[in-house]
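**Student:** Sequence first, predicted coordinates after that:
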2 protein chains.
Amino acid sequence: MRIPLDNQSKVPLYRQIENYIREAIQDGSLAAETRLPPTRKLSEQLGVSRITVQNAYLELESDGLIASREGSGTMVLPSIAELQPQQSRQPQWPLWQMAFQEEENQQPLVVQGKTDENNQISFTGVGDPREYPIRELRKAIQDVIRRDESSALSYNDFEGGYLPLRRTISHLLASQGIRTQAESVLITSGSQQALSLICQVLLKPGDVVLVESPTYNLALELFATMQLQIVEIPIDHFGMCVDQLESILQQYHPRLIYTIPNFQNPSGACMSNSRRRELVRLADQYNVAICEDDYVGDLRYDGRSKPALKALDPGGRVLYIGTFSKMLMPGLRVGYVIAEGPVFTQLQTQKRVSDLTTSPFIQRVLYEFVNVGRYQSYIRRSSRLYKQRRDATVRALRKYFGHELEFAIPQGGLFLWLQLPPGISSEELYSCALREGVVFAPGTRFFVEKEDGIQYIRINFAPLILDEIDLGIIGLRKAYLSVRQM
Amino acid sequence: MRIPLDNQSKVPLYRQIENYIREAIQDGSLAAETRLPPTRKLSEQLGVSRITVQNAYLELESDGLIASREGSGTMVLPSIAELQPQQSRQPQWPLWQMAFQEEENQQPLVVQGKTDENNQISFTGVGDPREYPIRELRKAIQDVIRRDESSALSYNDFEGGYLPLRRTISHLLASQGIRTQAESVLITSGSQQALSLICQVLLKPGDVVLVESPTYNLALELFATMQLQIVEIPIDHFGMCVDQLESILQQYHPRLIYTIPNFQNPSGACMSNSRRRELVRLADQYNVAICEDDYVGDLRYDGRSKPALKALDPGGRVLYIGTFSKMLMPGLRVGYVIAEGPVFTQLQTQKRVSDLTTSPFIQRVLYEFVNVGRYQSYIRRSSRLYKQRRDATVRALRKYFGHELEFAIPQGGLFLWLQLPPGISSEELYSCALREGVVFAPGTRFFVEKEDGIQYIRINFAPLILDEIDLGIIGLRKAYLSVRQM
């Protein structure tokens, strides 16, 4: 136990030890049942006489904070009073912390919910946790532990991740029409890290990033945290309005275009074929990198498949982001970037200095679990399931709202993007719906200027079963009526 | 399958499909046994007639690339020739990639080794993988899966990590004499991420960071990647030479002091009590944040324990980094920062935008596995074991090298820092030792100017059993003799 002792102090050493342990017990950091070191041991560690430590322990014992028992040593006792952590004692922060204090105390965004213990119906989150292949995953974990033993728990895989998993990912993508090599795959801790690494390598504070408007809230938060200048380009039912792109490129000289071409988050839009080609062409002409976030690209329910931007890339233009979070299990936190050319080495370095490597253990489990056949059948099953849920949500919306909400039916993905009538604020609707036990994402989260999203809400239909969807939309209707009466 | 089709092209559609699949098979991205979509399905997906897809498949089949079998669909066949990935076809990279191409093609640092399949004896890495508590860990994993089911695999814990684990960490630290609250603990993906987050929050390119010289190589690589100005302060047997600190603070105005006070990596030095107090005092006076990397702080074999800088912190001055990688299993990739004051919220935000959260699953497993009693007994066991190995290494060095190498005996931790006689280069010794099957870290990795480390090598004695240590030092001696004869 490393207790700070001050030999220059007028406070006797035994009292210093006593005070330190007393405060640690009282503020809860030394928990009940913690075993304190034997007096002989602690006196050696601290370089004081044994009697000094014994005196300290005696004082603590007589105050009922610790107890020595024959054979089982000295233990911290459960505290008598319900002691609160001394949060009132606010220390004087150092000057360098003041800069942070002045920054707006932002409320962290809620990015996920689910039907939780309180019987909330939550149109948020990703897929349906009840559909996660837990049993197969458990088996994969056991296989990995049995086979790799400690090597799965050592450092490893610094060159972009566990090579067999990188190979599997290249095969998965090929089976979807996106050709790549294992050597171009960098494993990341979810797609959020993939985007973060790309930004750190390509952009510095003040640089311009071009995003669809609306777009993924955590991408916006990342860009803001990195102090990038965010320029928005509108989106319609056919995706990014590429006809406006050239003039924006000329005016703002962005260094990165962040796009979600398939079943965009939050709008659900899918970029048309011709716009994809035009986007890749213009980015090339104006020397701008594209970051393609393909988080649910292969979760299509109807309509024709569109090529990934990556598949249109003549080489090294498109940085492609994928993830296992949406399709399998977000709790694993595994995603990837596909990149070719010199930038790949930079991304590797950035990954290494950021966190060395994504858990080698989880990478091996995923490798054990995922193969092309299993992935394809999982996609087929999810598509069937989520298509039903999309249709049920659309039916419920029509039934309970008539034509009061405007929306397009997405051809895939997870999201419905609903436009509220004028005068109904999504933030107010959010608060009212919470009281009805219904959760969704207000549109304000998906724009640089929150106000731009005040008339929109995003509904994730994928995690809920049909009955829940119906109940949820009924709750939403109730909230809607009470907002309208305000 | 999302195949890019160009309706404007003169190449017929069936040929476009055929070519795309052919190339994907030939360059290995479509692996053997991959099931192609049925012709009806693919024609729907691509919006072409079924006969178009059939024609494409027929061409591929007649070339022996795919095979259709009644009932089992169309599969990719194993390739006949050993086809190499077409790496020769180097595309023309876009202009924005040129900046990266010009950067020095750094060889990535090897940060870890172990006694591997090739019977190498590796004085690198962290603890001994053979000592990892695999069985207990497996049980913890099973318990988590059984109890939490899918909730362990969902997103969660955005506010700094899984609260019960944060509480456990605060108790672990208190039992070592470092008082903190669960609310001040931010879970990270290893201590590397902890340091990276701190840098991103506190520093911008060009800012000065003060480091001990030598210091941890991956910290140096991180600082260089972030384009920080790195100022070194020498270290001796009693840790950072704090007597030089004030003038350096006055001259360079660093915004962060990065220090490893206990059993420093690579030098093994442990900072004296008085220097610790002086460091905290000066940092406060000059308004500089301290990052205390305490990666093996409680792994002490002899001598008196020293208080953590964090324990001397009057509030919000010291950002304390800890990890489970060194003591338990690096493959889990879990570490933490302890920070108080407004900076904590910034660190939370930076973590969220960097990768949302460290795997909720791994966090739960760790919580299940770690408690104060188990941790303390693990530390006791490791200390006993590694002390023996340290002593055995010192004995072997004395036996085979006499007094040709200079070194101090560290009171804890993992590392011996050996000074070679003049004229013996650690880089040459490294190459020769590799041929003898012995691996260590040449000192050049631990300085801003590699040349400063040319006379040093770092030996990690912890991962090897006694016989391996003896063999390893014999191999080192052989390599040493052949370098001396050059």
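**Tutor:** That came through, no problem.
**Student:** helix or strand right after the host helix or strand of A:Val353?
**Tutor:** Per DSSP states H and E: A:Val353 is located in helix A:343-355. Secondary structure here is assigned by DSSP H and E; on that basis, the next helix or strand after helix A:343-355 toward the C-terminus is helix A:360-369.
**Student:** Quick check: buried residues in whichever helix in chain A runs longest?
**Tutor:** Within chain A, and with DSSP state H defining each element, the longest helix by residue count is helix A:372-401. Buried positions in helix A:372-401, judged by neighbour count with 16 or more other Cβ atoms under 10 Å in any protein chain shown: A:372, A:375-376, A:378-379, A:382-383, A:386-387, A:389-390, A:392-394, A:396-397, A:400-401. Heads up, the C-betas are built off the backbone N, CA and C, glycines and all.
**Student:** which parts of the stretch 301-450 of chain A sit against chain B?
**Tutor:** Among all residues of the stretch 301-450 of chain A, those adjacent to chain B (criterion: Cβ under 8 Å from any Cβ of the partner chain) are A:304-308, A:311-312, A:314-317, A:325, A:329-333, A:340-343, A:345-346, A:348-350, A:352-362, A:372-373, A:376.
**Student:** Show the buried residues in those residues.
**Tutor:** Using 16+ other Cβ under 10 Å as the burial test, those include A:304-308, A:311-312, A:316-317, A:325, A:329-333, A:340-343, A:345-346, A:348-350, A:352-362, A:372, A:376 as buried.
**Student:** Spit out the contact partners of the residue nearest to the spatial centre of chain A.
**Tutor:** Per Cα atoms, centre = their mean, the C-alpha nearest to the average position across chain A is that of A:Gln192, at 6.2 Å. Going by Cβ atoms under 8 Å, 6 or more residues apart in numbering or on different chains, A:Gln192 touches A:218, A:222, A:335, B:353-356.
**Student:** For the nearest residue to A:Gly239 once chain neighbours are set aside, list the residues it contacts.
**Tutor:** The shortest distance from A:Gly239 to any residue other than its chain neighbours is 2.8 Å, reached at A:Met271 (Cβ to Cβ, 6 or more residues apart in numbering or on different chains). When the contact criterion is Cβ under 8 Å, 6+ apart, the partners of A:Met271 are A:238-240, A:259, A:261-262, A:264, A:279, A:306.
**Student:** before we move on, the earlier item: quick one: the contacts of A:Gln192 as CSV, columns for distance to B:Gly453 too.
**Tutor:** CSV is the format used below for the contacts of A:Gln192 (distance: Cβ to Cβ, whole Å):
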residue, distance to B:Gly453
A:Leu218, 41
A:Leu222, 37
A:Gly335, 36
B:Val353, 35
B:Ser354, 31
B:Asp355, 32
B:Leu356, 38
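**Student:** just those now: which is nearest A:Glu131?
**Tutor:** Comparing the contacts of A:Gln192 against A:Glu131 with Cβ to Cβ places A:Gly335 closest, at 19.5 Å.
**Student:** gap between the two ends of stretch A:333-351?
**Tutor:** When the termini of stretch A:333-351 are compared using Cα to Cα, to the nearest Å, they are 15 Å apart.
**Student:** what separates that stretch from the chain centre, distance-wise?
**Tutor:** The offset between the C-alpha centroid of stretch A:333-351 and the centroid of the whole chain comes to 19 Å, using Cα atoms, centre = their mean, to the nearest Å.
**Student:** per-residue confidence averaged over that stretch?
**Tutor:** Per-residue pLDDT over stretch A:333-351 has a mean of 94.
**Student:** Need the single longest strand in chain A, by residues.
**Tutor:** Secondary structure assigned by DSSP state E gives strand A:229-236 as the longest strand of chain A.
**Student:** Can you tell me what sits against the following helix or strand past that strand?
**Tutor:** Heading C-terminal from strand A:229-236, the first helix or strand you meet, by DSSP H and E, is strand A:239-240. Around strand A:239-240, the neighbours that count as contacts under Cβ under 8 Å, 6+ apart are A:212, A:233-234, A:259, A:261, A:264, A:269-272, A:275, A:279.
**Student:** Helices - which of the residues you listed land there?
**Tutor:** Secondary structure defined by DSSP H assigns A:275, A:279 of the contacts of strand A:239-240 to helices.
**Student:** Include pLDDT when you put the contacts of strand A:239-240 into JSON lines, please.
**Tutor:** JSON lines is the format used below for those (pLDDT from 0 to 100):
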{"residue": "A:Glu212", "pLDDT": "98"}
{"residue": "A:Ile233", "pLDDT": "98"}
{"residue": "A:Pro234", "pLDDT": "97"}
{"residue": "A:Thr259", "pLDDT": "98"}
{"residue": "A:Pro261", "pLDDT": "97"}
{"residue": "A:Gln264", "pLDDT": "97"}
{"residue": "A:Ala269", "pLDDT": "96"}
{"residue": "A:Cys270", "pLDDT": "96"}
{"residue": "A:Met271", "pLDDT": "96"}
{"residue": "A:Ser272", "pLDDT": "94"}
{"residue": "A:Arg275", "pLDDT": "96"}
{"residue": "A:Leu279", "pLDDT": "97"}
